[in-house]
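# Sequence plus the predicted model coming up.
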Amino acid sequence: MKRLQNVLWLQSGGCGGCTMSLLCAEAPGLLSMLETAGVRFLWHPSLSEASGEEVLLLLERIREGEQALDLLCVEGSMLRGPNGSGRFHLLAGTDTPMIQWVSDLAARARYTVAVGTCAAFLFEQEEFRFKQGLYFLMLAPLVVPGVILGISILLFSNTLGTHFEESWKIDVELFRPGFWLVVLGQFSFIATLVTLVVSARLRKFDRTLEEAAMNLGANRFEVIWHITLKFLRPALVGAGAVAFLMSFENFNTTLFLVGYEATLPINLYLQVRDGSTPVINAISFLLIVGTSLLALMNLYFSRKGESS
């Protein structure tokens, strides 16, 4: 029997959005998905019963190498103040900053995961082999018709699901039409749009500002947080709005991946086939007004950010 992967999940910087999103998953649910994937939480602040001394004992055992740890997941940002000490955020029950705990535990983990947007930095500020080929692959979902993209992802997931079932007798819900395939389909082309928007802004950035800040004693994280991301803020807001609008209105790709839990645009399509009703007309009107207002607000704040 395959060994379960031990995962330790920590929260920092007042962030719990990723956990809330995962807990809201329905097809498949989070717990069934983790069980299928062979993942076991050593501790999670929202899912685990252990607290207080039990958790501290577990963390100490991991830090001393007595407890195996495969994956350390840190949700939220690391608070470094004041003056880089990290003492703005001490782990409850200890006198040790969270950032120090993460540093110690990461040394024991086989993998450390941080969630963020990095593609624009990769293509604009780094040089590596096969860069052009990877860039072309990133752009491919934009030129492939949505119907073809949806069918391709569906066939690929079905092939993987069949392979898992025939080889290891594992029925992986993740590879069936439903929430997670819709996420994959949306991500495949929306991530490209976001990368292009942020890259366009990043090309105008003067990197001597980063060099000057580092010469004055700032570390790489502080430079990115206080200088680079501040410069990219209009692009990030705009990219977020574009991503939301594109995902919200997407139909062709989602139609093939959605399974039995239809999204709102697909639900409207299914209802309209039986004839238009006042309710459908009202919902459609509200959607048009809402998305238009969001687009106008994004345009206003983008121009305001560029002029300031």
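Now that the structure is in, tell me what you want to look at. Numbers count the residues shown, from 1 in each chain.

# Pretty sure Leu10 sits in a helix.
No. Read with DSSP: H, G, I helix; E, B strand; the rest coil, Leu10 is strand and lies in no helix.

# just checking, it touches Met78?
No. Between Leu10 and Met78 there is no contact, the gap being 10.2 Å when judged by C-beta atoms under 8 Å. From N, CA and C alone the C-beta is placed, and that goes for glycine too.

# joint contacts of those two?
Here Leu10 and Met78 have 98, 102 as joint contacts, going by C-beta atoms under 8 Å, 6 or more residues apart in numbering.

# Three-state assignment for the residue lying closest to Leu10 once chain neighbours are set aside, please.
Using C-beta to C-beta, 6 or more residues apart in numbering and skipping residues adjacent in sequence, the residue nearest Leu10 is Val74, 5.3 Å away. Classification of Val74 by three-state DSSP places it in strand.

# Could I get the contacting residues of the residue lying farthest from the centre of the chain?
Most distant residue from the mean C-alpha position of the chain: Gly275, 38.2 Å away (C-alpha atoms, centre = their mean). For Gly275, no residue meets the contact criterion (C-beta under 8 Å, 6+ apart).

# Can you report how many residues neighbour Leu79?
Using other C-beta atoms under 10 Å, Leu79 is surrounded by 18 other residues.

# per-residue pLDDT, the closest residue to it other than its chain neighbours?
Ranked by C-beta to C-beta, 6+ apart and with sequence neighbours excluded, the top spatial neighbour of Leu79 is His89, at 4.1 Å. Listed pLDDT for His89 reads 79.

# For this protein, which segments count as strands?
For the chain, the strands defined by DSSP state E cover 5-11, 39-43, 71-75, 111-113.

# Which elements pack onto the third one?
Packed against strand 71-75, as judged by 3 or more C-beta pairs under 8 Å, 6 or more residues apart in numbering; DSSP states H and E, are the following elements: strand 5-11, helix 17-23, helix 98-106, strand 111-113.

# Mind listing what's buried along the third one?
Just to be clear, that refers to helix 98-106. Buried residues in helix 98-106, counted by 16 or more other C-beta atoms under 10 Å: 98-99, 101-102, 105.

# so that helix versus strand 5-11, what angle?
Compare the direction of helix 98-106 with that of strand 5-11 by axes from the mean of the first three to the mean of the last three C-alpha atoms, to 10 degrees and you get 170 degrees.

# Kindly export helix 98-106 (C-alpha atoms) in CSV.
Taking C-alpha atoms only, helix 98-106 is exported to CSV below (Å, rounded to 0.1, in the frame of the first residue of the first chain):
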residue,chain,number,x,y,z
MET,A,98,6.2,32.4,12.9
ILE,A,99,8.8,33.2,10.2
GLN,A,100,11.4,31.3,12.3
TRP,A,101,9.1,28.3,12.7
VAL,A,102,8.6,28.2,8.9
SER,A,103,12.3,28.4,8.3
ASP,A,104,13.0,25.5,10.7
LEU,A,105,10.2,23.3,9.5
ALA,A,106,10.9,24.0,5.8
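
# what's the average pLDDT for the longest helix seen in the chain?
Secondary structure of the chain read by DSSP state H shows that its longest helix is helix 278-307. What helix 278-307 shows for mean pLDDT is 76.

# likewise stretch 129-136?
Stretch 129-136 comes out at a mean pLDDT of 78.

# Same question for stretch 107-125.
Computed over stretch 107-125, the mean pLDDT rounds to 57.

# I'd like the strands of the chain as a markdown table, with mean neighbour count and distance to Leu56 appended.
As requested, those are arranged in a markdown table below (neighbours: other C-beta atoms under 10 Å; distance: least, C-beta to C-beta, whole Å):
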| stretch | mean neighbour count | distance to Leu56 |
| --- | --- | --- |
| strand 5-11 | 19 | 13 |
| strand 39-43 | 17 | 11 |
| strand 71-75 | 21 | 16 |
| strand 111-113 | 13 | 21 |
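
# Would you mind saying which of those strands lies nearest Leu255?
With C-beta to C-beta, the closest approach to Leu255 among the strands of the chain belongs to strand 39-43: 30.4 Å.

# and the angle from that closest one to strand 71-75?
Here strand 39-43 runs at an angle of 60 degrees relative to strand 71-75 (the same axes, to 10 degrees).

# Check what contacts strand 39-43 and list those residues.
Contacts with strand 39-43, where a contact means C-beta under 8 Å, 6+ apart, come from 4-9, 34, 47-48, 50, 55, 58, 62, 67, 69, 71.

# and with 6 Å instead?
Applying C-beta atoms under 6 Å, 6 or more residues apart in numbering, the external contacts of strand 39-43 come out as 4-8, 47, 50, 55, 58.

# Same check on stretch 284-301?
Contacting residues not belonging to stretch 284-301 are listed as 238, 241, 245 [C-beta under 6 Å, 6+ apart].

# Arrange these in CSV, one row each, with distance to His226 as further columns.
Shown next, in CSV, are those (distance: C-beta to C-beta, whole Å):
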residue, distance to His226
Gly238, 21
Ala241, 24
Leu245, 30
